[in-house]
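Colleague: Requesting a structural model of the entry that follows:
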Amino acid sequence: MKKQHYIALTVCAAIITMALYPIDGFERTGIKRLKRLEKTLDSTITEYYLKPGSFKKTDEINLWLCEDTVAVDSIMKVDEEFQDRMTRLFPRRNGYAITVLDISDPDNMRYAEMNENSGFQPGSVGKLAVATAFFTQLGELCPDDFDVRIRLMKNKVVKSGVWGVGDHHTVPIYTPETDKYVKRQVIASDEFSLYEWVDHMLSVSNNGAASIVWREALLMKIFGDEYFDLTQEQADEYWKTADKKELSELATEVVNQPLRDLGITHDEWRLGSFFTNGPDRIARATGGSIGTPKGLMKWFIKLEQGKIVDEKSSLELKRLMYLTDRRIRYAYSSRLNDAAVYFKSGSYYSGGGVKYAGTNFNYMNSVILVEHPDGTNYIVCLMSNILGKNSAGDHMYLASAIDKAIRKEG
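Modeller: Okay, here's the model as predicted:
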């Protein structure tokens, strides 16, 4: 058996619920909450918070830069006019960092940046690194057949155990046979398919689910082909006997090496912590987590180029980021109502006693790909640390201002 690596840093990220993946995706994925959302398509149920841009079908989601073989650094070259247009939107530069890429015309992309190398605690945006690690290990396991990867995600069911507990954020649980729908915290006995754990991680940003998805990527790395038939009992027994130090090292490698392979450096984006405390019994956290707008933009470009593992993995990851529930923070801007948005947000704060308004630190991050029906497509990676203030309103304001500036209105 291969040795292990681990990473952990306590991420007390404050997250608000939202759900992703196209509503018609139940048959493909087996994600049961989608079966309930299917009823919005025939008006059996009505979710008034859904926006016109929330109803793209699975086969309508595409990657925009797959034909682009240009190096990422060549794409991320500042367009001076675009740069001026973007930076003028900020009332102050201190506390904010951003990268923006307009990909509406892939032959004439426009890029702007501000404090792009500033490091922030990424919070739940770091779950995109976990998803990248998961798809990387799936690719190693089934290099020649993507359909086998999909079947494994849909059919393999794993238990939470100590990895998934301790997060106050809830997950949606729908039973199609009885039409029962509840939202509750994850408990140790919960069992979901790999697809559903990934969905819980990205859709409602559940911290326990993130630790479990990371755990499963680690088990794929350790067991290789044996993972297909690995039982819960075998996995649990392995954790009891594994060397904690070696496991910590392997977990760190599993989640960070895929970022390095994408050309994202250690100082641009790294993950140094599981998202719950349960894994500490098995492997202790080492290092720390950091994210920069530059590193996150590199990731998005690689996603659109189909370079996160391969084109099919990149497309599937993009589908998992498609927002099909209530929109928050940056994505709440009414200017984006008709747009499809692929979104992840996270916050991490301390001090002051008020949610999302920390006085010691107050990180709020929004990363988003916006696709308008008129063909205006762009990526924004916005990170902020504004003390003593809930920055959700600022992010929403900037979303509207950036959209207006990109479309050259006013």
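Colleague: in the protein, which ranges drop under the pLDDT threshold?
Modeller: 1-20, 45-46, 285, 410 (pLDDT under 70).
Colleague: ok, and the closest non-adjacent residue to the residue positioned nearest the centre of it?
Modeller: What sits nearest the mean C-alpha location of the chain, by Cα atoms, centre = their mean, is residue 128, with 3.5 Å. Nearest residue to residue 128, sequence neighbours excluded (Cβ to Cβ, 6 or more residues apart in numbering): residue 344, at 5.8 Å. In this view, the C-beta of every residue, glycine as well, is placed from N, C-alpha and C.
Colleague: Would you enumerate the residues in contact with the residue nearest to residue 122 when sequence neighbours are not counted?
Modeller: In space, and not counting its chain neighbours, residue 122 is closest to residue 291: 3.3 Å by Cβ to Cβ, 6+ apart. Taking Cβ atoms under 8 Å, 6 or more residues apart in numbering as the criterion, residue 291 is in contact with 119, 120, 121, 122, 125, 126, 268, 269, 365, 383.
Colleague: And for residue 262?
Modeller: With Cβ under 8 Å, 6+ apart, residue 262 has these contacts: 132, 298, 299, 302, 307, 308.
Colleague: tally of neighbours for the first one?
Modeller: The burial metric for residue 132, expressed as a neighbour count using other Cβ atoms under 10 Å, is 28.
Colleague: That one and residue 296, how far apart?
Modeller: 12 Å (Cβ to Cβ, to the nearest Å).
Colleague: And the helices in the stretch 201-350 of the chain?
Modeller: For the stretch 201-350 of the chain, the helices defined by DSSP state H, counting those that start in this stretch cover 207-223, 232-241, 244-261, 293-304, 311-320.
Colleague: elements contacting the longest one?
Modeller: Pointing back at helix 244-261 there. helix 127-141, helix 207-223, strand 269-270 (3 or more Cβ pairs under 8 Å, 6 or more residues apart in numbering; DSSP states H and E).
Colleague: from the contacts of residue 262, which is closest to residue 42?
Modeller: Closest approach to residue 42 among the contacts of residue 262 (Cβ to Cβ): residue 308, at 34.3 Å.
Colleague: Touching, residue 259 and residue 129? I think so.
Modeller: Yes: using Cβ atoms under 8 Å, residue 259 is in contact with residue 129, at 6.1 Å.
Colleague: Need the residues touching each of these two.
Modeller: What both residue 259 and residue 129 touch, as defined by Cβ under 8 Å, 6+ apart, is the set residue 269.
Colleague: still on that earlier bit, and of the helices and strands packed on helix 244-261, who's closest to residue 80?
Modeller: strand 269-270 (26.5 Å).
Colleague: Report the strands that pair with the closest one, each with its relative direction.
Modeller: Strand 269-270 pairs in its sheet with strand 290-291 (antiparallel), by DSSP bridges.
Colleague: ok, residue 92 to residue 99 distance?
Modeller: Distance from residue 92 to residue 99, counting by Cβ to Cβ: 18 Å.
Colleague: scratch that, residue 385
Modeller: For residue 385, the distance to residue 99 - Cβ to Cβ - is 16 Å.
Colleague: now swap in residue 93 and tell me
Modeller: In terms of Cβ to Cβ, residue 93 sits 14 Å off from residue 99.
Colleague: of those two, who's got more company?
Modeller: The neighbour count for residue 93 versus residue 99, taken as other Cβ under 10 Å, is higher for residue 99 (26 against 11).
Colleague: where does the more buried one fall, helix, sheet strand or coil?
Modeller: Three-state assignment for residue 99 (DSSP: H, G, I helix; E, B strand; the rest coil): strand.
Colleague: Would you mind naming the residues that bridge with it?
Modeller: residue 113, residue 381.
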